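> sequence below, structure please.
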Amino acid sequence: MANRITHVAEETVAENTHRETYPEAGARGKRPIAFIFATVFLDLLGIGILIPVIPYLVQRYSNDALAVALLSLSYAAAQFVAAPVLGALSDRYGRRPLLVLSVLGSAIGYVLFGLAGSLAMLFVARMIDGFTGGNISIAQAYIADVTPPKDRAKNFGLIGAAFGLGFIMGPALGGLLSQISLHAPAFAAAFLSFVTAAFGFFFLPESLPPHQRKRAVITLAEINPVRQIGDTVQRAGMRPVLLAIFAQNFAFAGLQSNFGVFTFQRFGLGPQENAALFTFLGVIGVFMQGFLVRRLVNRFSDQRLAVAGLVIMMAGFAATAFAPAVWALYPTMALVSIGNALATPTLTNLVSKQAGAREQGAVLGATQSVGSLTRIGGPMWAGVTFDTLGPGAPYWTGALWIALAAVVALRHAHRRAAQTAPVGSVLPGMSTEVGGGLPAR
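The predicted model follows:
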């Protein structure tokens, strides 16, 4: 009971601080969130459109399967470098201009991809898109700007729902467009990005007022992704959350890259059957993050939802490794999707709550760089374990990675509960800045 009262007191203090910092957020919060949802959806739709045609475009210049993997890794590596840069710049110059410019950069990358006449140009195009595609951290920072702390997990969940919708509709649209030409999906993705940029330019209001922006000159150290991750890890309470995010996404990135190979070798499934499974996965994710999670966060703490999600996700990975037939993949993948939908927005919210108003972009950018690292290492891990330990290895080892994330998140939850001060210790004059004074959830 005491912990519940303290939890309510923390939320009240944090919300009052947010209202003082952003007095206009409550009045105009819903419309910007809708714009951010549309922006992320159109951006992810553009990415999804390319998925069906990338292997066939690469095949024109190389029959080596490694080339396709390296093309994906080049995109993730560019995102790793760019995410903290874009985040830091958005703390200094505002979210809106960086969001619009990054989407324009993606449009240019798509155009070059469609015009590419060599394998080298394909790599250049994907790296340009990767460098400018670290805009998810800016979108998350925008949500943190206009949303009280107690509601952030709900709206971070909307980004996950936009991801799911984009990846449900994108590959299907890309498959249809590929009947016109293998280059048509790239040009369609470029068109969608230009529409998104125009949408943001004309309709998206700025979320970070000038008086709340970082005034100091941005240094090279601040845009160094390794330094950014290191500095973020040193923050109080941040290390276990980032470790949990890394372990969870490491396993999930391995699944995304390996699942088609796994289902083909074990069950003989083709692209259409796998598309049905991923569509099923996406629909569950959209329902969870767009609807159910928004209600659960009103009843349970972020830590509890994150731990519960990781445990469910771990069970899904382990069950997938030993699935006896195709039908069994649907319930096992449902567990993966449900667990991921619970864990991702709540872990992101735990990160956001540790950052002050002037550093949301930098901290969330560092978090996205961590995610980019997992999209480099996760597929490599899945490929090596698949070849050396058997088809189920990426999934039972993935369950072990997620178990590590669950243990770390659980220990973090217990530590935060032990450190939580009673209500009576909130004295006049105590700092109420998010991440300081009172411990965030």
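> poorly predicted segments of the stretch 301-441 of the chain, please.
In the predicted model of the stretch 301-441 of the chain, residues 355-362, 416-441 satisfy pLDDT under 70.
> buried ones in stretch 297-306?
297, 301, 302, 303, 304, 305, 306 (16 or more other Cβ atoms under 10 Å). For the C-beta atoms, the positions are set from N, CA and C on the backbone; glycine is no exception.
> ok, now stretch 206-214?
In stretch 206-214, counting by 16+ other Cβ under 10 Å, buried: 206, 207, 208, 212, 213, 214.
> turn these into TSV, columns for secondary structure and pLDDT.
TSV is the format used below for the buried residues of stretch 206-214 (DSSP: H, G, I helix; E, B strand; the rest coil; pLDDT from 0 to 100):
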residue	secondary structure	pLDDT
206	coil	85
207	coil	82
208	coil	81
212	helix	76
213	coil	78
214	coil	74
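> any idea which of those is closest to residue 331?
Closest approach between the buried residues of stretch 206-214 and residue 331, by Cβ to Cβ: residue 207, at 40.3 Å.
> residues contacting the closest one?
Under the criterion of Cβ atoms under 8 Å, 6 or more residues apart in numbering, the neighbours of residue 207 are 22, 32, 94, 95, 96, 142, 145, 146.
> now the two most distant members of the residues you listed.
22 and 96 (14.7 Å).
> hmm, who's touching stretch 399-418?
3, 237, 240-241, 243-248, 250-251, 301, 303-304, 306-307, 310-311, 313-315, 317-318, 321, 339, 343, 347, 439, 441.
> of the residues you listed, just the buried ones, PyMOL syntax please.
Per 16+ other Cβ under 10 Å, the buried members of the contacts of stretch 399-418 correspond to this PyMOL selection:
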select buried, resi 237+240+241+243+244+245+246+247+248+250+251+301+303+304+306+307+310+311+313+314+315+317+318+321+339+343+347+439+441
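> where does pLDDT dip in the stretch 51-200 of the chain?
52, 64-66, 68-69, 133-134, 153, 167.
> quick one, helices of it?
54-59, 65-93, 95-115, 119-132, 136-146, 152-178, 184-203 (DSSP state H, counting those that start in this stretch).
> between those helices, which one is closest to residue 40.
helix 152-178 (4.1 Å).
> which other helices and strands contact that closest one?
helix 30-50, helix 136-146, helix 184-203, helix 271-287, helix 293-296, helix 326-353 (3 or more Cβ pairs under 8 Å, 6 or more residues apart in numbering; DSSP states H and E).
> most tightly packed of these?
helix 136-146 (a mean of 28; mean count of other Cβ atoms under 10 Å).
> and it, how far out from the chain middle?
Taking Cα atoms, centre = their mean, to the nearest Å, one finds helix 136-146 lying 12 Å from the centre of the chain it belongs to.
> between the buried residues of stretch 297-306, which is closest to residue 80?
residue 306 (23.5 Å).
> host element of that closest one?
helix 302-321 (DSSP states H and E).
> residue 390 - how many residues pack around it?
13 (other Cβ atoms under 10 Å).
> save the helices of the stretch 51-200 of the chain as TSV, and put in distance to residue 374 too.
Formatted as TSV, the helices of the stretch 51-200 of the chain follow (distance: least, Cβ to Cβ, whole Å):
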stretch	distance to residue 374
helix 54-59	20
helix 65-93	9
helix 95-115	21
helix 119-132	15
helix 136-146	14
helix 152-178	15
helix 184-203	24
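> and the helices and strands packed on helix 152-178 as CSV, adding distance to residue 61?
Output for these, formatted as CSV (distance: least, Cβ to Cβ, whole Å):
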stretch, distance to residue 61
helix 30-50, 16
helix 136-146, 30
helix 184-203, 15
helix 271-287, 21
helix 293-296, 43
helix 326-353, 34
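> so which of those helices is nearest residue 255?
Here helix 326-353 is closest among the helices and strands packed on helix 152-178 (Cβ to Cβ), at 7.2 Å.
> which other helices and strands contact the closest one?
Using 3+ Cβ pairs under 8 Å, 6+ apart: helix 326-353 touches helix 136-146, helix 152-178, helix 238-267, helix 271-287, helix 293-296, helix 302-321, helix 360-389, helix 393-419.
> just put those helices in a markdown table and tack on distance to residue 329.
Below are the helices and strands packed on helix 326-353 laid out as a markdown table (distance: least, Cβ to Cβ, whole Å):
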| stretch | distance to residue 329 |
| --- | --- |
| helix 136-146 | 28 |
| helix 152-178 | 17 |
| helix 238-267 | 7 |
| helix 271-287 | 6 |
| helix 293-296 | 24 |
| helix 302-321 | 7 |
| helix 360-389 | 16 |
| helix 393-419 | 11 |
